[in-house]
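Student: prediction below, plus the sequence it came from.
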Amino acid sequence: MEKHQIIEKLKEFYPTDISLDDIAAYANSEPYKKKKSYIDSAWSDRNQWDLLKASLSDLSTEIWDYSFMGGSPCYHFSFIQEENKEILYSLFVSVILPYYAIRIMNISNLDKSFDPISAIESRVFEKLENKVKNVFPKHRIIRDKALLQTKVDIFEADGEYPPSIQHLLFSTIET
């Protein structure tokens with residue numbers, strides 16, 4: 001997966017020539033309208049997402065769902081496992097492009113990774129990845145933290161300027 005390919009596809013959902021300062025023009029742009037329609041559609045039909053969350057009973061008893069918070073274009077949930085309460089797992093599934101990411105965060109020091117480090121993390125990561133593949137078979141995972149954090153200065157988006165690829169695909173919430 002190439003950075004330039006993702007950026008080209010993002011042009012379908014984020015205007016490149018309109019500032020957020022011009023609220024009316026931005027909201028009336030075709031890319032913004034397309035992104036909003038994808039989010040609205042995913043918001044109203046959450047069957048796949050609910051199916052995925054229901055399949056997590058072997059990973060965690062409590063799932064915190066943050067989907068579409070702040071207008072983000074993704075399904076997003078987090079959970080902690082009983083066997084290791086120091087690690088917070090978060091899943092981000094884009095509804096505008098077929099990508100997802102799994103973030104692993106150490107709660108004690110806030111270190112974040114998109115690739116597992118320990119054996120326990122690897123096991124959870126693999127299970128979660130398989131569950132996502134079953135429900136969202138066309139989505140591909142992005143593990144490359146440098147790719148996710150690549151700044152894209154041709155777009156403006158709420159919360160971060162210039163926005164990163166992870167921000168544009170997944171969330172206005174710090175990922």
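Tutor: Yes, it's here.

Student: what is the longest strand of this protein by residue count?
Tutor: For the chain, the strand with the greatest residue count under DSSP state E is strand 84-94.

Student: convert it to CSV, retaining C-alpha atoms only.
Tutor: The C-alpha trace of strand 84-94 is given here as CSV (Å, rounded to 0.1, in the frame of the first residue of the first chain):
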residue,chain,number,x,y,z
ASN,A,84,-3.3,-7.6,31.3
LYS,A,85,-5.1,-4.4,32.5
GLU,A,86,-2.1,-2.3,31.5
ILE,A,87,-2.8,-2.6,27.8
LEU,A,88,-5.6,-0.8,26.0
TYR,A,89,-6.5,-2.2,22.5
SER,A,90,-8.3,0.1,20.1
LEU,A,91,-9.7,-0.8,16.7
PHE,A,92,-10.3,1.8,14.0
VAL,A,93,-12.2,0.7,10.9
SER,A,94,-12.5,3.4,8.2
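
Student: list the helices and strands that strand packs on?
Tutor: strand 74-81, strand 99-106, helix 119-135, helix 165-169 (3 or more CB pairs under 8 Å, 6 or more residues apart in numbering; DSSP states H and E). C-beta here means a position set from N, CA and C on the backbone, and glycine is covered the same way.

Student: would you mark the buried spots in that strand?
Tutor: Buried residues in strand 84-94, counted by 16 or more other CB atoms under 10 Å: Ile87, Leu88, Tyr89, Ser90, Leu91, Phe92, Val93, Ser94.

Student: give me the contact list for stretch 130-139.
Tutor: 48-49, 51-52, 55-56, 91, 93-94, 98-100, 141 (CB atoms under 8 Å, 6 or more residues apart in numbering).

Student: for the record, mean pLDDT for the longest strand of the chain?
Tutor: Summarised as a single mean, pLDDT over strand 84-94 is 93.
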